[in-house]
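>>> this is the structure alone, sequence omitted:
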């Protein structure tokens with residue numbers, strides 16, 4: 001079991017790792033070694049995730065989620081297979097931790113009558129100051 005949060009534990013059997021060849025430069029090593037990792041995690045059918053976390057996670061996953069509800073995380077940042085595997089797992093855990101936090105929505109408020117009056121008084125004062133900066137009228 002992998003601890004994600006104090007309340008969420010992830011079973012290692014739910015994760016599947018597929019090792020593929022990494023794209024990009026790397027010399028001869030890139031053609032021989034399958035160092036890139038694809039981590040697959042079935043979000044919709046996972047017994048480890050509460051329903052609310054599952055829903056938020058599906059929203060956060062975006063294009064990384066397949067139609068069947070499987071999250072695919074690709075990692076090829078490092079040359080080492082083990083480091084890429086750890087990187088993919090850490091990114092999955094970060095995503096679950098982010099989904100585990102219940103978002104706090106802002107309650108809209110209205111300005112008080114006093115703050116409205118102070119704002120308008122300041123505007124008229126600023127307007128008067130700027131009017132006095134103009135050229136004097138020759139008719140005066």
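All right, it came through fine. What you see is a predicted model; the values in this text were computed from it and never measured. Numbering: from 1, shown residues only.

>>> okay, CA-based contacts and neighbour counts for the rest of this
Noted.

>>> what's around residue 124, how many residues?
Residues lying near residue 124 (other CA atoms under 10 Å) number 12.

>>> secondary structure element holding it?
Per DSSP states H and E, residue 124 falls inside helix 113-131.

>>> who are the packing partners of that helix?
Packing partners of helix 113-131 (3 or more CA pairs under 8 Å, 6 or more residues apart in numbering; DSSP states H and E): none among the helices and strands.

>>> and for that helix, what are the contacting residues?
Helix 113-131 has contacts (CA atoms under 8 Å, 6 or more residues apart in numbering) with no other residue.

>>> the helices in this structure, which residues?
29-32, 51-61, 81-100, 113-131 (DSSP state H).

>>> distance to residue 20 and mean pLDDT added to the ones you listed, as TSV?
Output for the helices of the chain, formatted as TSV (distance: least, CA to CA, whole Å; pLDDT from 0 to 100):
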stretch	distance to residue 20	mean pLDDT
helix 29-32	10	62
helix 51-61	22	82
helix 81-100	10	85
helix 113-131	62	95
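
>>> for residue 68, which of those is the nearest?
Among the helices of the chain, the nearest to residue 68 by CA to CA is helix 51-61 (11.2 Å).

>>> just to revisit the earlier point, how about the helices of the chain, which one is nearest residue 107?
helix 113-131 (18.9 Å).

>>> any buried residues in that closest one, and which?
Going by neighbour count (16 or more other CA atoms under 10 Å), nothing in helix 113-131 comes out as buried.

>>> what is the neighbour count of the residue lying closest to residue 36 once chain neighbours are set aside?
In space, and not counting its chain neighbours, residue 36 is closest to residue 76: 4.5 Å by CA to CA, 6 or more residues apart in numbering. A count of nearby residues for residue 76, using other CA under 10 Å, gives 23.

>>> contacts only, for residue 76.
Contacts were defined as CA under 8 Å, 6+ apart; by that measure residue 76 touches 22, 35, 36, 37, 84.

>>> ok, now residue 54?
43, 44, 99.

>>> please consider this matter closed, and thank you.
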